[in-house]
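S.K.: give me a model of this one.
(chains A and B)
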Amino acid sequence: KQEVTQIPAALSVPEGENLVLNCSFTDSAIYNLQWFRQDPGKGLTSLLLIQSSQREQTSGRLNASLDKSSGRSTLYIAASQPGDSATYLCAATNFGNEKLTFGTGTRLTIIP
Amino acid sequence: DAMVIQNPRYQVTQFGKPVTLSCSQTLNHNVMYWYQQKSSQAPKLLFHYYDKDFNNEADTPDNFQSRRPNTSFCFLDIRSPGLGDAAMYLCATSRDEWSRRVEQFFGPGTRLTVL
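M.R.: Got it, this is the predicted structure:
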């Protein structure tokens, strides 16, 4: 059974700094891994999706990496802004199973 | 343009009074999902439709039912809401193509309050 972990649960960073969010998974037979952003009381916004054959994906100031052998994915945010404050969740999809297995998220606060 | 739409955004119901949450999509995706998310927890999959095929998660209570009358719409029915059912309910869609990436797109959610 896939388990996804995100540590730390909360992170505060001064504005302008680069930062990395971590995601670990126990079953490396993943089909893809997806990163989401969730603002308080809102739904999930898809940020990046990495296929199992890929090592990284980039969108603007965001870069997500995937290392299946170590069971890790990271989300790198460059030049952080107060508007980046939100909860970030990662979720894995395994082969033969369309379901997303979510981590519990990292609540990010960017300090102006 | 909204692609996955959920109505209402906020729903208040009384203990034991049936409630229906609605989801519609403009993406023409063949798979639709319903998740329950409680405060500070990860979303939990309740069930999903693969076209018209209903797939229930083993631990989803019988109190939760779903209907999908056509490709665009999917409903979540809670027959007798309890206080423990208060949560954010998220609808998501995806296009199932094993040769291509399978990305789930989420709606804004419906926050359910049970009095």
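S.K.: for residue A:34, what are its contacts?
M.R.: The contact partners of residue A:34, by C-beta atoms under 8 Å, 6 or more residues apart in numbering or on different chains, come to A:46, A:48-50, A:90-93, A:100, B:103-104. Just so you know, the C-beta spots here come from the backbone N, C-alpha and C atoms, and that holds for glycine as well.
S.K.: do the same with residue B:105
M.R.: For residue B:105, the contact set (C-beta under 8 Å, 6+ apart) comprises A:46, B:3-4, B:25, B:27, B:29, B:92-94.
S.K.: how about 7 Å then?
M.R.: A:46, B:3-4, B:27, B:92-93 (C-beta atoms under 7 Å, 6 or more residues apart in numbering or on different chains).
S.K.: where does pLDDT dip in chain B?
M.R.: Along chain B, the model assigns pLDDT under 70 to residues B:1-2, B:97-101.
S.K.: please name the bridge partners of the residue nearest in space to the middle of it.
M.R.: For chain B, the residue nearest the mean C-alpha position is residue B:34 (2.7 Å; C-alpha atoms, centre = their mean). On the basis of DSSP bridges, residue B:34 is bridged to residue B:47, residue B:91.
S.K.: please, where are all the strands along chain A?
M.R.: Along chain A, counting by DSSP state E, strands occupy A:4-5, A:10-14, A:19-25, A:30-38, A:44-51, A:56-59, A:62-67, A:72-77, A:86-94, A:100-102, A:106-111.
S.K.: need the ones you listed in CSV (columns: mean pLDDT).
M.R.: Formatted as CSV, the strands of chain A follow (pLDDT from 0 to 100):
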stretch, mean pLDDT
strand A:4-5, 96
strand A:10-14, 97
strand A:19-25, 97
strand A:30-38, 93
strand A:44-51, 93
strand A:56-59, 95
strand A:62-67, 97
strand A:72-77, 98
strand A:86-94, 94
strand A:100-102, 91
strand A:106-111, 97
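S.K.: for residue B:64, which of the ones you listed is the nearest?
M.R.: For residue B:64, the closest of the strands of chain A is strand A:100-102, at 18.3 Å, according to C-beta to C-beta.
S.K.: list the residues that contact residue B:34.
M.R.: Taking C-beta under 7 Å, 6+ apart, one finds B:46-47, B:66, B:76, B:89, B:91 in contact with residue B:34.
S.K.: recalculate using a threshold of 8 Å.
M.R.: Residue B:34 makes contact with B:23, B:45-48, B:64, B:66, B:74, B:76, B:89-91 under the criterion C-beta under 8 Å, 6+ apart.
S.K.: and what of residue A:80?
M.R.: Per C-beta under 8 Å, 6+ apart, neighbours of residue A:80: A:13-19, A:110.
S.K.: one more pass at 6 Å, please.
M.R.: With contact taken as C-beta atoms under 6 Å, 6 or more residues apart in numbering or on different chains, residue A:80 is in contact with A:13, A:17, A:19, A:110.
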